[in-house]
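A.B. asks: with the sequence up front, the predicted model follows.
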Amino acid sequence: FAAEIIAKSGITDDKVTETPEALESKMKIDDGVPLANPTPYRQLVGSLMYLSITRPDIAHAVHTVSQFQHAPSTVHMGAVLRIIRYIKGTINKGVFMSSSSSLNLIAYTDADWGGDPNDRHSTTGFCVFLGESLISWKCKKQQKVSLSSTEAEYRAMASTTMEIVWLRQMLLDMGIKIEEPTDLCCDNKSSIYIAKNQTFHERTKHIEMDCHYVREEFLKKTIKLPYVSSEFQLADFFTKPLCSPRFNFLLDKLSVIAP
């Protein structure tokens, strides 16, 4: 399918890129000249969205270009072609599924606070492992503007908790009961404190529903909330563009490799 996307794009040269998006990529709605015919753009983005189901390494880049389908420009098309050039150079890569992994879940959650230059909404990113195997990931713009990084991180934490609850129930339906709480690794100490604190404050009232939900699952021992340093926050991969060394470091940790 990746080869079909490359052929559809019309790229015939051998130029490839090391990462699917430029580090300084902060595209705006009005960047560039509007495309006279937006249909090819929409078709390519649709194909890339389908491919990203099995390629977490393009998840954030595809998430970004998908936001301009209503009025794409030459700049936006350039970003799409960069993703395809990256795919061309990594066409054999995929998620490695270990045959000897444990059946314990571990999740990582992160947020890029106010990272969208068009509306300053934050981006939620998370990934979930079953043992050593990556089985779930997500990159999604948050619906509301967050007034602090803690608020953005907490909303991401709530989304990840919902995914954990769903995965644990799915495994239970398959006859696999996870006895231990699932580690939900976060690099924001304030968010962890809020989840463990029984008292709500005026500053957190507007995210009280998320607070109640995460705390409820914490008290039920569905999740644990270990702190992880930003260096080893794997969900960082799904929230913003990364430099090549950082991108490849996290790609290795996510076990996205060529056979």
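C.D. replies: Cool, the structure landed.
A.B. asks: residue at max distance from the center of the chain?
C.D. replies: residue 36 (31.4 Å; CA atoms, centre = their mean).
A.B. asks: contacting residues for it?
C.D. replies: Contact criterion CB atoms under 8 Å, 6 or more residues apart in numbering gives no residues in contact with residue 36. To be clear about C-beta, it is placed using only N, CA and C from the backbone, and glycine gets the same treatment.
A.B. asks: okay, and it sits in which element?
C.D. replies: Residue 36 is part of no helix or strand, with elements assigned from DSSP states H and E.
A.B. asks: quick thing: my sequence starts at 616, can you match it?
C.D. replies: All right, first residue 616 from here; so that's residue 651.
A.B. asks: can you list the weak-confidence ranges in this protein?
C.D. replies: Residue ranges of the chain with pLDDT under 70: 813-826.
A.B. asks: give me the contacts around the helix or strand encompassing residue 665.
C.D. replies: Take DSSP H and E as the rule and residue 665 turns out to sit in helix 654-666. With CB under 8 Å, 6+ apart as the test, helix 654-666 has contacts from 616-617, 619-620, 623-624, 650, 673, 677, 680-681, 684, 687, 691-692, 695, 698-699, 702.
A.B. asks: filter the residues you listed to the buried ones?
C.D. replies: The neighbour-count criterion (16 or more other CB atoms under 10 Å) marks 617, 620, 624, 650, 673, 677, 680, 687, 691-692, 695, 698-699, 702 among those as buried.
A.B. asks: determine which two of these are furthest apart.
C.D. replies: Between any two of these, the greatest separation by CB to CB is 23.5 Å, found for 617 and 650.
A.B. asks: what lies in contact with stretch 675-683?
C.D. replies: Here stretch 675-683 has contacts from 635-636, 640, 642, 644, 660, 663-664, 666-667, 691, 694-695, 697-698, 701, 733, 738, 740, 754-756, 852-856, using CB under 8 Å, 6+ apart.
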